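Visitor: build me a model from this:
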Amino acid sequence: MDGPVAVAFFGDPHIDDPGCAWGDLERDIRICRDTPGFMAVNIGDTTNNWVGRLMGLYANQEVTSKQALTLIEWVLTQLPWLVTVGGNHDTWNTQKGDVSEVIHRLQKLPGLYQNVGARMQVHLPSGASFTMNVRHDFPGGSQFNPAHALVRETLFGFRDHILACGHRH
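Guide: Coordinates of the predicted model:
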């Protein structure tokens, strides 16, 4: 793409959750889709996809797990994602495969799909490039500082231009 670029990060939307800010999500997707130069990055946890004893929460949720599959497909097909990273919720209940990865592959969607994280160098037609390290979460949490893992990565990890993660919400 020629001209200026922007990277928009979508993290932890939990689109099947009653607390999902659908108005904001639809607005942000529309802005990214309709504005030239936007690249979208999905940082994971697209849906709740509860497991274990938390599966009972689906019984009290307005959106069923089957409806959640339709919502995942809608989100993944709205934007030309630069990269989609699987989160912990995305990797639960995957006896038949990771739903987001399957949709990504079957729809032949652009961009990368990586489980947990992706580190990449993005080259632009202008000759400029930048490195980006995107993970659902970085290792090294702290009970006293929810941003500790990201801070730790900036201090001791690779020297990327952009670091992004989700998970802590």
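Visitor: please enumerate the helices of this protein.
Guide: 22-34, 56-59, 65-78, 99-106, 148-156 (DSSP state H).
Visitor: include mean neighbour count, mean pLDDT and distance to T91 when you put those helices into TSV, please.
Guide: Glycine gets a C-beta too; all of them are placed from N, C-alpha and C. Formatted as TSV, the helices of the chain follow (neighbours: other Cβ atoms under 10 Å; pLDDT from 0 to 100; distance: least, Cβ to Cβ, whole Å):
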stretch	mean neighbour count	mean pLDDT	distance to T91
helix 22-34	13	95	22
helix 56-59	11	71	17
helix 65-78	16	86	13
helix 99-106	18	72	9
helix 148-156	15	83	18
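Visitor: so which of those helices gets nearest P125?
Guide: Checking these against P125 by Cβ to Cβ gives helix 22-34 as the closest, at 19.4 Å.
Visitor: okay, that closest one in CSV with CA atoms only?
Guide: Coordinates of each C-alpha in helix 22-34 appear next as CSV, following Å, rounded to 0.1, in the frame of the first residue of the first chain:
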residue,chain,number,x,y,z
TRP,A,22,-20.7,-4.0,19.8
GLY,A,23,-21.3,-0.4,18.8
ASP,A,24,-17.6,0.4,19.4
LEU,A,25,-16.4,-2.7,17.7
GLU,A,26,-18.6,-2.2,14.6
ARG,A,27,-17.5,1.5,14.4
ASP,A,28,-13.8,0.5,14.7
ILE,A,29,-14.1,-2.2,12.1
ARG,A,30,-15.8,0.2,9.7
ILE,A,31,-13.1,2.9,10.2
CYS,A,32,-10.3,0.3,9.5
ARG,A,33,-12.2,-1.1,6.5
ASP,A,34,-13.0,2.2,4.9
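Visitor: quick one: it to helix 65-78, angle?
Guide: Relative orientation of helix 22-34 versus helix 65-78 (axes from the mean of the first three to the mean of the last three Cα atoms, to 10 degrees): 30 degrees.
Visitor: so how far is the first residue of stretch 119-137 from its last?
Guide: End-to-end span of stretch 119-137 (Cα to Cα, to the nearest Å): 13 Å.
Visitor: neighbouring contacts of that stretch?
Guide: Contacts with stretch 119-137, where a contact means Cβ atoms under 8 Å, 6 or more residues apart in numbering, come from 1-2, 5, 7, 9, 39, 41, 43-45, 82-83, 85-88, 112, 116-118, 149, 153, 157-158, 160-168.
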